[in-house]
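J.: coords please:
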Amino acid sequence: MSWKSVCAALAVCVSAAIPAAAGNPETKTEEGFVSLFNGTDLAGWEGNAKIWKVENGLLVGSSPGIRYNDFLATKKSYGDFELRLEFRMKDGKGNSGVQIRSRRIPKTTHVQGYQADLGAGFWGCLYDEHRRNKVLVKAPKSLAKVLKTGGWNTYVIRAEGSHIVLTINGLKTVDYKEPDPKIARKGIIALQIHSGPAMRMEFRNLRIKELGKS
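T.: Got it, this is the predicted structure:
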């Protein structure tokens, strides 16, 4: 066997011996999408470092029990987009969500805007956080058949003009058109840890495609 062949064989062996990072079990290469989380640090995000951190390639929100909702938010604002991500709620206990077209309320921990909701009684719903303070659309009961309450799930969130569509594990849970033209159509994306008992949320493979841009 030539020296070149030996090197090639060794490279294959070494590659096979290295496990994939927990936060990146698959390489996401969808056309037009860019990563929002590098699996290493919180670059591009801002929030409470006591609650939000990176562990084994996962973006983790871990609360010992807090009095007010807390959010990790993107530094950049987004208007029309499709956001794809995977989430896991420890033991399926707690409440969380993904804010879109939102804004921070100064001098508070609060965020105002649409929320793709997560948690018992709210899985897959569209909620209006700190604005109208109500569920805008409830998810169908059929979501229970595909939802893994304590396991990994996929969330696809699409916002285009007045139209918002939420999908969990391939099931459409929300198809909403905003009737109020005064409601913001651009803002930050933020991940929520709800007030109340201790809980843990894990996110991975967060990527986004801005619509209408080449």
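
J.: what residues are up against Gly84?
T.: Not Gly; residue 84 is Arg. 28, 30, 33, 154-157, 205-208 (CB atoms under 8 Å, 6 or more residues apart in numbering). Using the backbone N, CA and C atoms, a C-beta is placed for each residue, glycine as well.

J.: ok, 7 Å please
T.: Residues near Arg84 by CB atoms under 7 Å, 6 or more residues apart in numbering: 33, 156, 207.

J.: now do the helix or strand containing the last one: which elements does it pack against?
T.: Applying DSSP states H and E as the criterion places Arg207 in strand 199-210. When contacts are defined as 3 or more CB pairs under 7 Å, 6 or more residues apart in numbering; DSSP states H and E, strand 199-210 packs onto strand 34-35, strand 58-63, strand 81-89, strand 187-193.

J.: worst mean pLDDT across the helices and strands of this structure, which element?
T.: Least confident element among the helices and strands of the chain, by mean pLDDT, DSSP states H and E: helix 3-17 (a mean of 43).

J.: one step back: redo the contacts of Arg84 as JSON lines? Include distance to Arg101 and neighbour count.
T.: Shown next, in JSON lines, are the contacts of Arg84 (distance: CB to CB, whole Å; neighbours: other CB atoms under 10 Å):
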{"residue": "Phe33", "distance to Arg101": "19", "neighbour count": "17"}
{"residue": "Val156", "distance to Arg101": "16", "neighbour count": "16"}
{"residue": "Arg207", "distance to Arg101": "18", "neighbour count": "17"}
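
J.: on that earlier part again, of all the helices and strands packed on strand 199-210, which one is nearest His110?
T.: strand 187-193 (10.3 Å; CB to CB).
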